[in-house]
Structure formats: C-alpha cells, structure tokens
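**Student:** only geometry, no sequence info:
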C-alpha cells in the first residue's frame, strides 16, 4: 500500500544521487512513492545551466572545499571524496536562485548541509518520518 508521494529536490551543484543513497530506499520501504528528479536536465541551457558565470573550480576541487560547504567535519574522508567527485559545477544564476538559505546548525547537531549522505542520515529521516506521520486521534 502506497502512503503517498514524496519529491526529493537536490540543491545547486548536487543531483538526485544525494537522495537515492539513503532517503529514497528508506521512505520507499515505508510505502512512500519517491521521486528524485535531476533538475540539471530541466535547465534551458542543458546540463548544469549557463556555465559562463560558474565560480572558478566550483565545489568539485578540492574535496576540502566540498567538506566545508556541504558536510559536517566528522564525515569520513572517503565519503567526502566519493561524494565530491559527483558534485557538479553550477551556474552562478542557479546558485543565486537558491536564496542562499542559512540553516540553523543547532537544529540537527553534528550535521552538515548534506546530512542525507552523512552517518546521521537516519536520524534526519526519522524526524521527517515523524513529521509526515499523522498523530492518532
């Protein structure tokens, strides 16, 4: 029985792989239909958007830059390296469209921007699961 549908949207420089590593299988096992579209294919300029304004080097080089921008300091080096290889250079205009949201680091301690890929992913997924599950009346 399907519970409903969830759409997981990746951030700039990332892709659906950020969700398909852990979150999609977790929520599908709970009966949710999960979609994780590749928004890079949706940009009118093709994969990665208008690269003429891309920040030099993007987040791909070096992995330390990806760690600082996306991951908690405690994330294993081999995971950061593996995920950093999948990070895409992004259009500067697309990056501006994200609104540069600042997350409250105290909301989920020991978590980076890409918590869905870190060791604490299950804690975050269970918070979302509780939020999605209606309280019994």
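**Tutor:** Good, I have the coordinates. Predicted model only: the values in this text are computed from it and were never measured.
**Student:** among the helices and strands of this protein, which has the poorest mean pLDDT?
**Tutor:** helix 92-97 (a mean of 60; mean pLDDT, DSSP states H and E).
**Student:** By residue count, what's the longest helix in the protein?
**Tutor:** Longest helix in the chain, counting residues (DSSP state H): helix 121-132.
**Student:** ok, and for that one, which residues are buried?
**Tutor:** Using 16 or more other Cβ atoms under 10 Å as the burial criterion, the residues of helix 121-132 that qualify are 121, 124, 125. Where you see a C-beta, it was placed from the backbone N, CA and C, and this is true even at glycine.
**Student:** Adding pLDDT and distance to residue 68, write these out as TSV.
**Tutor:** Output for these, formatted as TSV (pLDDT from 0 to 100; distance: Cβ to Cβ, whole Å):
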residue	pLDDT	distance to residue 68
121	92	19
124	91	20
125	95	24
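**Student:** of all these, which comes closest to residue 87?
**Tutor:** For the buried residues of helix 121-132, the residue nearest residue 87 by Cβ to Cβ is residue 121; the value is 17.5 Å.
**Student:** and the closest residue to that closest one other than its chain neighbours, what are its phi and psi?
**Tutor:** Leaving aside its chain neighbours, residue 121 sits nearest to residue 22 (4.6 Å; criterion: Cβ to Cβ, 6 or more residues apart in numbering). Main-chain dihedrals, residue 22, degrees, to the nearest 10: phi -130, psi -50.
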